[in-house]
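Asker: kindly return the folded structure for what I paste below:
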Amino acid sequence: MKNILNFIKIWGIAILLISAPAYASTLDDLNQQKKDIQDSIAANKQDIKNIQDMINSLGAQTAATQKQISITNQIIDLTSQQITETQAQIDQKQKELDQKKADLNETVVNYYETGTPSTIEIVVSSDNLSDIINQSQYMQSLSDQIDNQAKAIAQVKADLQNQKNDLEKQKNDLEAQRNSLADQQRNLNIQADAKNQLLSQTKSQQSQLKADLDNVSASIYAERQKLGGYTSGGTGGYPWASADTNGIDPFGFYYRQCTSYAAWYFNAIEGKDWYSFRVYGINRSSNGGDWADLGAHQGYSVSSTPRPGAIASWPAGGIFGAYGHVAIVQSVNSNGTINVSEYNWIQYSYSERHNVSPSGARFIY
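Answerer: Residues are numbered from 1 along each chain as shown. Modelled structure (predicted):
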C-alpha cells in the first residue's frame, strides 16, 4: 500500500511539472540573468568610478608636479642671475685689486726712482728731527694704506667667490631636483595613460553589459506579453512619462519604474505619503517585492485582502522579475480577481491588467 502511495505521489509531482507553464522556467532563468547582469553593471560602474578617481588623482599629482617644476625653474633662473651678478662683482673687485696693486707698485717705484736718502742725508737736509720722522712715516703710511686697501679688496673678492660657489652648488641641486620631478611627471603620465586605457576598456564592458541587459529585459517583457490580459497606451496621468529612467523622482524611486508610478499615485491621487527607504536615510532596498516592509515602516496596514486604491506588491520571481513588482488596485472583481494600473509591465510604459490573481500579493492601504 505504501509503495502504491509513493507511486501516486511521484506521478502527481510529474503531472504538476508537466502541467507547469513552460514560461515559468524561462522567466526565472531570464530574471536570474537580468539580476546577474545588473550586479555586473553595478560592479562595473564602481570600477569606472574607482578608475576615474585614480585618473583624477594622477592628474592632480601631475599638475602639482608641473607647478613644482615651474617654481624650480624660476628659482634656477633667479640663482643663475645671482651667479652672473656675483661674478660681475668679483670681476669689479679684481679690477679694483689690480688698480691698488698698480698704485702700490707706482708708489714704490717713485720712491726708489727719486732715490732713497741715507739717514745722514735726511738729517743734514732737514731743519729738525721732526721733519725726518714725518717724511719717513709718510712713506710708510702711504705704503701701508695701499696694502691694507688691497687686502680688504682681496677679502671681499674671496667672500664673493665663496658666495658664487654656494650659488652654483644650489643651482646644481635645483637642477637635480628638477630632473627628478621631470622623471616623476613622466611616470605619472605613463600611469595616467594606462588608467585611461583601462577606463576605456571598462566603459566598453559597461556598454556591452547594458546591451546584454536590454536584450534580456526585452525577452522578459516578451514573455509577459505572451500572457496577455493587459491593455497599454497613455500615461495614466503619470507626469514623468518621458523622463530619463536613470533619474530619481521626488519620492526616491527611478523614473518610469513600477515603484515610481505607484508612489506617485499614492501621493498625488490617494493623498497619502509614500517614500523610498533612501529618503529616510535607511540603507535598505525599496524594490517592489520589499514594499510590504516599506508600508509597515510608514505605518500603513499590510494585508492579503485587496481593496481599490491599495498598492499591490508581489515578491520577486517568475513574471514579477528579480526585484518583485507593484501596481495600484483599481477595482476588485466579484470572482476575487483584481484590475490594476501599473508602469513597466510593458517596458517603461503605462498599462492596465484585468482579472489578475491576487495570490501571493500583499496589499498596502
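
Asker: what helices and strands are in contact with the helix or strand hosting V329?
Answerer: Assigned by DSSP states H and E, V329 falls within strand 325-332. Packing partners of strand 325-332 (3 or more C-beta pairs under 8 Å, 6 or more residues apart in numbering; DSSP states H and E): helix 258-264, strand 311-314, strand 338-346. For glycine as for every other residue, the C-beta is placed from the backbone atoms N, C-alpha and C.

Asker: CSV for those, including distance to V329, mean pLDDT and mean neighbour count?
Answerer: Shown next, in CSV, are the helices and strands packed on strand 325-332 (distance: least, C-beta to C-beta, whole Å; pLDDT from 0 to 100; neighbours: other C-beta atoms under 10 Å):
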stretch, distance to V329, mean pLDDT, mean neighbour count
helix 258-264, 10, 98, 26
strand 311-314, 5, 98, 26
strand 338-346, 5, 97, 23
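
Asker: got the domain ranges for the protein?
Answerer: 54-211, 233-365 (automatic domain parsing).

Asker: in the stretch 51-200 of the chain, which spans are helices?
Answerer: Along the stretch 51-200 of the chain, counting by DSSP state H, counting those that start in this stretch, helices occupy 119-125, 129-227.

Asker: G233: which of the ones you listed is closest?
Answerer: helix 129-227 (13.9 Å; C-beta to C-beta).

Asker: for that closest one, which helices and strands make contact with it?
Answerer: So helix 129-227, by 3+ C-beta pairs under 8 Å, 6+ apart, packs with helix 22-113, helix 119-125, strand 338-346.

Asker: try it again with 7 Å
Answerer: Here helix 129-227 touches helix 22-113, helix 119-125, going by 3 or more C-beta pairs under 7 Å, 6 or more residues apart in numbering; DSSP states H and E.

Asker: next one: the first one to chain centre, how far?
Answerer: Think helix 22-113. 22 Å (C-alpha atoms, centre = their mean, to the nearest Å).

Asker: do me a favour and average the pLDDT over it.
Answerer: Model confidence over helix 22-113, given as mean pLDDT, is 86.

Asker: quick revisit: export the helices and strands packed on strand 325-332 to a markdown table and tack on distance to S217?
Answerer: Converted to a markdown table, these look like this (distance: least, C-beta to C-beta, whole Å):
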| stretch | distance to S217 |
| --- | --- |
| helix 258-264 | 13 |
| strand 311-314 | 18 |
| strand 338-346 | 10 |
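
Asker: returning to what we had before: and the strand holding V329, C-alpha only, in CSV?
Answerer: C-alpha atoms of strand 325-332 as CSV (Å, rounded to 0.1, in the frame of the first residue of the first chain):
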residue,chain,number,x,y,z
HIS,A,325,6.6,44.3,-8.8
VAL,A,326,4.0,46.8,-7.6
ALA,A,327,0.8,48.1,-9.1
ILE,A,328,-2.3,50.1,-8.0
VAL,A,329,-5.6,48.2,-7.4
GLN,A,330,-8.3,49.9,-9.5
SER,A,331,-11.1,47.5,-8.6
VAL,A,332,-11.8,44.1,-7.2
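
Asker: okay, buried residues for that strand please.
Answerer: Neighbour counts over strand 325-332 (16 or more other C-beta atoms under 10 Å) mark H325, V326, A327, I328, V329, Q330, V332 as buried.

Asker: and which of those is nearest Y348?
Answerer: The shortest gap between Y348 and any of these belongs to H325, at 13.9 Å (C-beta to C-beta).

Asker: check contacts around that closest one.
Answerer: C258, G288, W314 (C-beta atoms under 7 Å, 6 or more residues apart in numbering).

Asker: rebuild the residues you listed as a markdown table, extending it with distance to P306.
Answerer: Putting the contacts of H325 into a markdown table (distance: C-beta to C-beta, whole Å) gives the following:
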| residue | distance to P306 |
| --- | --- |
| C258 | 17 |
| G288 | 16 |
| W314 | 12 |
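
Asker: deepest-packed of the domains of the chain, please.
Answerer: Mean neighbour count (mean count of other C-beta atoms under 10 Å) peaks for domain 233-365 among the domains of the chain, with a mean of 18.

Asker: returning to what we had before: D293: which of the helices and strands packed on strand 325-332 is closest?
Answerer: The closest of the helices and strands packed on strand 325-332 to D293 is strand 311-314. By C-beta to C-beta, the value is 9.4 Å.

Asker: pairing partners for the closest one, with directions?
Answerer: Neighbouring strands of strand 311-314 in its sheet, by DSSP bridges, are strand 325-332 (antiparallel), strand 362-364 (antiparallel).

Asker: out of the domains of the chain, the one nearest Q38 is which?
Answerer: domain 233-365 (7.5 Å).

Asker: chain center to the closest one, what's the gap?
Answerer: The answer for domain 233-365 is 36 Å, by C-alpha atoms, centre = their mean.

Asker: what's the end-to-end length of it?
Answerer: One end of domain 233-365 sits 27 Å from the other (C-alpha to C-alpha, to the nearest Å).

Asker: begin at 254, not 1, for the rest of this chat.
Answerer: Yep, numbering from 254; the last one is domain 486-618 now.

Asker: cheers, nothing more for now.
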